[in-house]
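# Model the structure of this input:
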Amino acid sequence: MNCVDDFLTLYRAKRPSFNMMLLPLTNALRGLESLLPYTLQAIILLTGSLFLWRLWKFTILPLLEPNQPKRLPYWIPYSEATLAYARRYFGNTREPFILTVAGQKFYIIMSPKDMSTVYKNVTTLTFDGFIRDLYTTFGMSKEGIRLMWQIPPSNQKMAQILQRVHKLTSGRQSFTWDAIPNCSVSAEAEKNKVVSLYGWCAAVLGNATIRALFGDVLLDLEPRLLDYFAIFDEESWKLTFQLPPLLAGRMHAAKDESRKAYIRFFELPSEKRSGACHYIRSVEAKQRQAGMTDRDIGIAAQMFFWGANANPSKVCFWLLSHMMYNPELLQGIRKEIAPSITKDNKFDMQSLLENSPLLEAAFNETLRVTSVNSSARNIEVPVVVGGKTLQIDGKIMMPYRQLHIDETIFGPDTKVFNVDRFLKSKDLSRSPSFKPFGGGSTYCSGRFIARRQVFAFVALAVHLYELRLQDPNTAFPRMDETKPTLGIMDMMKGDNVMLIVSPRSCT
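Got it, this is the predicted structure:
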């Protein structure tokens, strides 16, 4: 049997209606079999079949299935650029469409109205399957996953975590001259340091969050834990699409090394890790009561830290970057926050939150410009969303970035950082098109902590230190829109903001 017959056998089995489309190509090839080498036949067949496949899947099939969402041609990779292309491709109708990534079919929802429909449907559209998939990918056992669903939600409030994170982030010891993390300092003199802004934000906030949750013991067990986290977080989007180690080896290796530390932590006697916050200890008690193992408890804690630490440092980086390239904004925020900070450099967080409209607007605009978080749902039974029927063989993905650059809501300059946008329109932060923390049942529970972390870090950094660009001619760092991200966009590799940091006279 030659390559033509192989091809026909395959496609007749898959879809008989495809036969008529193939006849001209296959008949032409049979006529050329005696004249062309087998390899050239295969090349022609491959090219022709690819063309016919795309014609069938993206042109003819949608006409035969008008109630199904249209398919986006996908020999382009998934990224924010893909979604922007999709808006143009479908005429900005914001109807649901299908995108296939690594063999998995995703229904992409881009309309606030359709998102609201998804949020309200908590019976046939669930988030549980997505979480189960994450548990599995992180390495949790099937029994551990089963037991996790039997444990009632903790009634412990997040207040203690918020208080501990705030204390460690804003504590004077975290912002002394000597406390600027060495890993972020590339050069040092008596009165100034050359500091990587990205490294400074990541080290201070990562260290504060992990110690607030687990005390000092976890970092003592694995001092490189935050380094592993940085590697994992950079490529964590591959986890969402369940890419195997062969295609995501670096991400899986960092995840696995981190997991060892969390497991070792929970293998220790409880008295040796009493520094963990009450929330962590309360959740652990319920997990042990349910019968979960040290390994599965450690994996659950690893996932919790990932959710808590993935985005605040990036928000700080982008917000401070905009301030460094906009001296007027820097001076305005510095002046605005001064009344909330005492002479001994302690500040009233409530006052900072309530009396800093410029900082608040800059925070919201940073989220709008850099947030590319998405929310996912599993489909338990076929469901209609936006007038289209979504089948159970696909998953729903709601990317919020496209809402944030909707010109009908945010104006014609949506790709530009414009702090006046939220200053002039106080209600804009409550718009259904502004979803930096998601929505529905997956509305981020850590949003209050994240806001306070960012406000504390930015306020203390600009109050205690003079900050200036090492090279004023360096271009503003580019956002990496080439890869899908679960929260705040990273900067492009090779970009950074290098600062010359020196103490201010007020200190």
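# mind listing what residue 419 touches?
For residue 419, the contact set (Cβ atoms under 8 Å, 6 or more residues apart in numbering) comprises 322, 329, 358, 361, 362, 365. For glycine as for every other residue, the C-beta is placed from the backbone atoms N, C-alpha and C.
# out of those, who has the most neighbours?
Counting neighbours by other Cβ atoms under 10 Å, the top entry in the contacts of residue 419 is residue 362, with 27 neighbours.
# so who does it touch?
319, 322, 323, 329, 333, 419.
# Closest one of those residues to residue 219?
The closest of those to residue 219 turns out to be residue 319 (Cβ to Cβ; 26.3 Å).
# That closest one - that's part of a helix, no?
Yes - counting by DSSP: H, G, I helix; E, B strand; the rest coil, residue 319 is located in a helix.
# what about it, how many neighbours?
For residue 319, using other Cβ under 10 Å, the count is 26.
# Would you map the strands across the stretch 351-500 of the chain?
374-379, 383-385, 388-390, 394-399, 465-469, 498-503 (DSSP state E, counting those that start in this stretch).
# on that earlier part again, tell me which entries of the contacts of residue 362 lie within helices.
319, 322, 323, 329, 333 (DSSP state H).
# Would you mind giving those as TSV with distance to residue 97 added?
Shown next, in TSV, are the ones in helices among the contacts of residue 362 (distance: Cβ to Cβ, whole Å):
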residue	distance to residue 97
319	33
322	33
323	38
329	38
333	41
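# show me where pLDDT drops low in the stretch 151-300 of the chain?
Along the stretch 151-300 of the chain, the model assigns pLDDT under 70 to residues 153-174.
# of the contacts of residue 362, closest to residue 198?
residue 319 (12.4 Å).
# Report the contact partners of the closest one.
So residue 319 contacts 362, 363, 366, 454, 458 (Cβ under 8 Å, 6+ apart).
# repeat for residue 434
Going by Cβ under 8 Å, 6+ apart, residue 434 touches 364, 368, 403, 404, 409, 428.
# Identify, from the residues you listed, the entry nearest to residue 376.
Taking Cβ to Cβ as the measure, residue 403 is the one of those closest to residue 376, at 15.9 Å.
# Residue 409 versus that closest one, what's the distance?
Counting by Cβ to Cβ, to the nearest Å, the separation of residue 403 from residue 409 is 8 Å.
# Quick check: nearest residue in space to residue 484, chain neighbours excluded?
residue 237 (4.5 Å; Cβ to Cβ, 6 or more residues apart in numbering).
# is it true that the one you found touches residue 487?
No - Residue 237 lies out of contact with residue 487 (Cβ atoms under 8 Å); the separation is 10.0 Å.
# okay, these two: which has more neighbours?
Taking other Cβ under 10 Å, residue 237 and residue 487 do not tie; residue 487 has more neighbours (25 against 20).
# Residue 403 and residue 409: who's more crowded?
Shown here are residue 403 and residue 409; by other Cβ under 10 Å, residue 403 has more neighbours (23 against 16).
# Identify the residues contacting the more buried one.
With Cβ under 8 Å, 6+ apart, residue 403 has these contacts: 110, 112, 409, 433, 434, 435.
# Okay, now the unreliable bits of the stretch 401-507 of the chain?
441-443, 445, 506-507.
# Quick check: residue 428 vs residue 421, distance?
Counting by Cβ to Cβ, the gap from residue 428 to residue 421 is 7 Å.
# and for the two, which residues touch both?
Jointly contacting residue 428 and residue 421 under the rule Cβ under 8 Å, 6+ apart are residue 410.
# which one of the contacts of residue 362 is nearest residue 52?
Nearest to residue 52, judged by Cβ to Cβ, of the contacts of residue 362 is residue 322 at 49.5 Å.
# Apart from its chain neighbours, what residue comes closest to the closest one?
According to Cβ to Cβ, 6+ apart, the nearest residue to residue 322 is residue 417 (5.4 Å).
# and stretch 324-338, how far from the chain's centre?
Centre-to-centre, stretch 324-338 and its host chain are 28 Å apart (Cα atoms, centre = their mean, to the nearest Å).
# pLDDT (mean, whole number) over it?
Model confidence over stretch 324-338, given as mean pLDDT, is 95.
# again with stretch 89-102
Mean predicted lDDT for stretch 89-102 stands at 76.
# And the contacts of residue 403, which two are furthest apart?
So, the contacts of residue 403 by Cβ to Cβ: farthest apart are 110 and 434, at 14.6 Å.
# Export only the CA atoms of stretch 352-364, formatted as CSV.
Extracted in CSV, the C-alpha atoms of stretch 352-364 (Å, rounded to 0.1, in the frame of the first residue of the first chain):
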residue,chain,number,x,y,z
LEU,A,352,-2.2,54.9,53.1
LEU,A,353,-5.0,52.9,51.5
GLU,A,354,-7.7,55.6,52.0
ASN,A,355,-5.7,58.8,51.3
SER,A,356,-3.5,57.9,48.3
PRO,A,357,-5.7,58.4,45.2
LEU,A,358,-2.7,58.8,42.9
LEU,A,359,-1.0,55.7,44.1
GLU,A,360,-4.4,53.9,43.9
ALA,A,361,-4.9,55.0,40.3
ALA,A,362,-1.3,54.0,39.4
PHE,A,363,-1.8,50.6,41.0
ASN,A,364,-5.0,50.0,39.0
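# buried residues in that stretch?
Going by neighbour count (16 or more other Cβ atoms under 10 Å), the buried part of stretch 352-364 is 352, 356, 358, 359, 360, 361, 362, 363, 364.
# which ones among those residues are found in helices?
Using DSSP H, the buried residues of stretch 352-364 in helices are 352, 358, 359, 360, 361, 362, 363, 364.
# what's the closest of those to residue 261?
residue 363 (32.2 Å).
# quick revisit: tell me the one of the contacts of residue 403 nearest residue 311?
Residue 311 has its nearest neighbour among the contacts of residue 403 in residue 435, at 13.9 Å by Cβ to Cβ.
# Identify the residues contacting the nearest residue to the closest one once chain neighbours are set aside.
Of all residues not flanking residue 435 in the chain, residue 400 sits nearest, at 4.4 Å (Cβ to Cβ, 6+ apart). Contact analysis of residue 400 by Cβ under 8 Å, 6+ apart lists 371, 372, 373, 374, 375, 435, 436, 438.
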